[in-house]
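Trainee: can't give you the sequence, but here's the structure:
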């Protein structure tokens, strides 16, 4: 098996692996179109397709971070604070890349570029395993295959 699931964000060469397990990752592509409808006639016609940016929704838990077990509430909270800092986008220069897979065979990463955090929610009610939900917007809809990590 050559594809390894490695969700991470990277900004200015600094890579932050998302806490694991990541239980769900959904990528949503959306296109703008002009819809034409003729009254009293079945069906319609779409024209002028243009692809928007991509919305990526991740759901996960703070069980491990970069391969290290986060067993205590204090360790999970520290990982939460690190993740909040890594996901913060204050201006254009702070947009990051979202890495999804590493391909061992070709030594390339699959990633989205020009990403911003739209929503970050976290559940602290289970003292044994904090949960989180993250929505990221990638302005560029291309899923790149690159050899670099930055």
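Mentor: Received the coordinates, thanks. All of these numbers come straight from a predicted model, not from anything done at the bench.
Trainee: flag the helix or strand of the chain with the lowest per-element mean pLDDT.
Mentor: Ranked by mean pLDDT, DSSP states H and E, the weakest helix or strand in the chain is strand 68-69, scoring a mean of 80.
Trainee: which is the next helix or strand following that one?
Mentor: helix 73-87 (DSSP states H and E).
Trainee: grab the nearest non-local neighbour of residue 56.
Mentor: residue 136 (4.5 Å; CB to CB, 6 or more residues apart in numbering). C-betas here are computed from N, CA, C, even on glycine.
Trainee: quick one: contacts for that neighbour?
Mentor: 55, 56, 57, 58, 98, 112, 115, 116, 117, 118 (CB atoms under 8 Å, 6 or more residues apart in numbering).
Trainee: can you give me the buried ones in stretch 132-148?
Mentor: For stretch 132-148, burial by neighbour count (16 or more other CB atoms under 10 Å) applies to 132, 134, 135, 136, 137, 138, 143.
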